[in-house]
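K.L.:
Okay, here's the prediction I keep looking at, along with the sequence it came from:
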Amino acid sequence: MMWRKGAGLLLVAFLAASCENVDLDLHDQITFKHQEYPMIPAPKGSVSMNPKRFDYSTVDAVMVTSPVKRTKDSVDDGKKLYDIFCIACHGPDGTTTGMPVADKFEPRPANLKNETALALTEGEIFQRIVVDGMGIMPGYKFEMSDEEAWKVVSYVMQLQGRK
Ligand code: HEC
């Protein structure tokens, strides 16, 4: 019987020792609120969701001109992005034709080949994309870099048949 007593004592001693640093009352634990220091640093190579970038809403769009030359490459890249972000509403040719999603919206997404859209400067198209969209169209500043947005502008202007 002696061994049982010994084992029991040992167990009590073990439990007492292991509980020593654990406070079972959650109120007394150290807690950190969301975004409160100390924060875990972002993994190496991760891309900021909110990069510091120029705020284009502060300038007149007419003054904004593209730093990206319209080349086959920039247009191809722009098409890839357009097919992801814009096609559902504006359609493959920009006229919204045949897009069931476009039919559901009021106001209807703009026909990018109508007179108003053809009169937009490249800076105005760019601002629609990176600043705050238009109507139910959202802005895409978190989804696209400025360079990517300019490539979409290249593609849109090509779709419109503009020089
Ligand atoms: C959720 C649907 C939707 C998506 C996605 C969308 N748009 Fe739009 N777009 C609209 C609507 C709606 C308008 C405004 C129509 C109005 O108010 O007359 C608009 C307006 C525009 C205009 C302005 C046209 C004008 O006449 O002033 C441009 C340029 C444009 N969109 C380009 C894009 C590009 C480029 C993308 C992708 C990056 C995109 N849109 C994504 C719905 C959308």
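P.N.:
Happy to help now that I have it.
K.L.:
use CA for all of it now, contacts and neighbours both
P.N.:
Will do.
K.L.:
which stretches of this structure have low pLDDT?
P.N.:
Within the chain, the stretches with pLDDT under 70 are 1-23, 49-51.
K.L.:
residues in it within reach of the ligand, list them.
P.N.:
By the rule Cα under 6 Å from any ligand atom, the part of the chain lying against the ligand is 82, 85-86, 88-89, 107-110, 112, 116-117, 125, 128-129, 134-137, 152.
K.L.:
Give me the buried entries from the residues you listed.
P.N.:
82, 86, 88-89, 109-110, 112, 125, 128-129, 152 (16 or more other Cα atoms under 10 Å).
K.L.:
any chance of those in a markdown table, plus distance to M99?
P.N.:
Formatted as a markdown table, those follow (distance: Cα to Cα, whole Å):
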| residue | distance to M99 |
| --- | --- |
| Y82 | 14 |
| C86 | 11 |
| A88 | 6 |
| C89 | 6 |
| P109 | 10 |
| A110 | 12 |
| L112 | 14 |
| I125 | 21 |
| R128 | 20 |
| I129 | 20 |
| V152 | 19 |
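K.L.:
Let me know the closest of these to I40.
P.N.:
I40 has its nearest neighbour among these in I129, at 32.4 Å by Cα to Cα.
K.L.:
Would you agree that closest one is in contact with Y140?
P.N.:
Yes: between I129 and Y140 there is a contact at 5.6 Å, judged by Cα atoms under 8 Å.
K.L.:
Which parts of this protein are helices?
P.N.:
Applying DSSP state H to the chain gives helices spanning 2-19, 72-85, 87-90, 100-104, 115-118, 122-127, 146-159.
K.L.:
Can I get these in TSV including distance to V62?
P.N.:
Output for the helices of the chain, formatted as TSV (distance: least, Cα to Cα, whole Å):
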stretch	distance to V62
helix 2-19	69
helix 72-85	21
helix 87-90	23
helix 100-104	28
helix 115-118	14
helix 122-127	6
helix 146-159	14
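K.L.:
out of these, nearest to F54?
P.N.:
Nearest of the helices of the chain (Cα to Cα): helix 146-159, 9.0 Å.
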